[in-house]
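Novice: got a predicted structure plus its sequence, pasted below:
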Amino acid sequence: MFQVAGIQMTPIMNDVEANLKRGQHFIQQAAAQEVDLIVLPELWTTGYYLSKESFKQLAEHKDGRTVTLMQDQALRSNASIICPFVEITEDKKLYIAAAVIDHRGELRGTVHKSLLWGREQQIFEEGNIEYPVFDTKIGKVGILICYEMEFPETSRLLALQGVEMIVCPSVWSLSASHRWDIQLPARALDNTVYVFGVNTVGNNSCGKSKLVSPLGDVLAEASDRKEELLIRAIDKEALDWARETVPYLHDYEKKLTPGGVNKIPTPIL
């Protein structure tokens, strides 16, 4: 059994310092309950509704203050941390990114959001269509940032690499709340994986961070109105049982994979 924690928070627009302080407060609460994985929501350090110039001023390199601070928090908490942030590269390109930090405080890698929603397309660069799998304290984890979850192919690519949980840091809007409620359970069941959606709340976000079982059942869900630390245990045996009961991945690889591939590919990380 492992414990996972999702930090559903309301970012203060344009105030990285306040958001970092708030995030650390939640991380310390999670650490006190000896969780194994901590997930923060998309754009939690900056807020969502900012101009391109504002994002440029607040953006950081992947070895910048936010990631470095989260490395320290991971080590102190003995927990893996998924930390979204706004990344600026050496050539001044902006990405919606997420850092994967292990429980020893080591940066295992970063991912860039590859499918951008609406106004994001005028502000950020698209990441490469790459969906790596990371070994964490709880097992093999993949990351789909918000809108990436709305495409079934992305989660299937992760599932075929042996992922056990898909983490979805988000700023998911109130008007799309029904899609959040449908798509996270659908992706979990389609691929018999845990799905952990961690959303912001307030400022037009619908909250409702949730952990979904490999059979598509919602195991835990946060409020749609307030900040909350969502903690729940996951069971590897339940994952194995789900895949025996609903053998989608087993049958998919035999019948639908081009070239007749007969085993799930090994993770690329």
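Specialist: Structure received.
Novice: now do the strands in this structure.
Specialist: 2-8, 37-39, 80-88, 94-101, 107-112, 133-136, 139-143, 165-170, 194-199, 201-202, 205-206, 210-212, 218-221, 228-234 (DSSP state E).
Novice: want to throw the ones you listed into TSV with mean pLDDT and mean neighbour count?
Specialist: Backbone N, C-alpha and C define where each C-beta goes, glycine included. Formatted as TSV, these follow (pLDDT from 0 to 100; neighbours: other Cβ atoms under 10 Å):
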stretch	mean pLDDT	mean neighbour count
strand 2-8	99	25
strand 37-39	99	27
strand 80-88	99	26
strand 94-101	99	24
strand 107-112	98	18
strand 133-136	96	21
strand 139-143	98	23
strand 165-170	99	27
strand 194-199	99	29
strand 201-202	98	20
strand 205-206	99	24
strand 210-212	99	25
strand 218-221	99	16
strand 228-234	98	18
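Novice: tell me the pLDDT at the residue lying closest to residue 24 once chain neighbours are set aside?
Specialist: Closest residue to residue 24 apart from its sequence neighbours, by Cβ to Cβ, 6 or more residues apart in numbering: residue 73 at 6.4 Å. You'll see residue 73 listed with a pLDDT of 99.
Novice: nearest to residue 63, of the strands of the chain?
Specialist: The closest of these to residue 63 is strand 107-112. By Cβ to Cβ, the value is 7.9 Å.
Novice: which other helices and strands does the closest one contact?
Specialist: Applying 3 or more Cβ pairs under 8 Å, 6 or more residues apart in numbering; DSSP states H and E, one finds that strand 107-112 makes contact with strand 94-101, strand 133-136.
Novice: could I get those as a markdown table with distance to residue 21?
Specialist: As requested, the helices and strands packed on strand 107-112 are exported to a markdown table (distance: least, Cβ to Cβ, whole Å):
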| stretch | distance to residue 21 |
| --- | --- |
| strand 94-101 | 19 |
| strand 133-136 | 25 |
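Novice: closest to residue 48 out of these?
Specialist: strand 94-101 (9.9 Å).
Novice: just want the angle from that closest one to strand 80-88.
Specialist: Counting by axes from the mean of the first three to the mean of the last three Cα atoms, to 10 degrees, strand 94-101 lies at 160 degrees to strand 80-88.
Novice: how much space between the closest residue to residue 34 other than its chain neighbours and residue 59?
Specialist: Distance criterion Cβ to Cβ, 6+ apart; nearest residue to residue 34, sequence neighbours excluded, is residue 3 at 6.8 Å. For residue 3, the distance to residue 59 equals 32 Å [Cβ to Cβ, to the nearest Å].
Novice: my read: residue 40 touches residue 169, true?
Specialist: Yes - with contacts counted by Cβ atoms under 8 Å, residue 40 reaches residue 169, the gap being 6.5 Å.
Novice: mutual contacts of the two, please.
Specialist: 82, 84, 198 (Cβ atoms under 8 Å, 6 or more residues apart in numbering).
Novice: ok, back up a step: residues contacting the residue nearest to residue 24?
Specialist: Contacts of residue 73 by Cβ under 8 Å, 6+ apart are 24, 27, 31, 81.
Novice: out of the shared contacts of residue 40 and residue 169, which comes closest to residue 11?
Specialist: Of the shared contacts of residue 40 and residue 169, the one sitting nearest to residue 11 (Cβ to Cβ) turns out to be residue 84, at 10.6 Å.
Novice: mind listing what the closest one touches?
Specialist: With contact taken as Cβ under 8 Å, 6+ apart, residue 84 is in contact with 40-45, 96-99, 145, 169.
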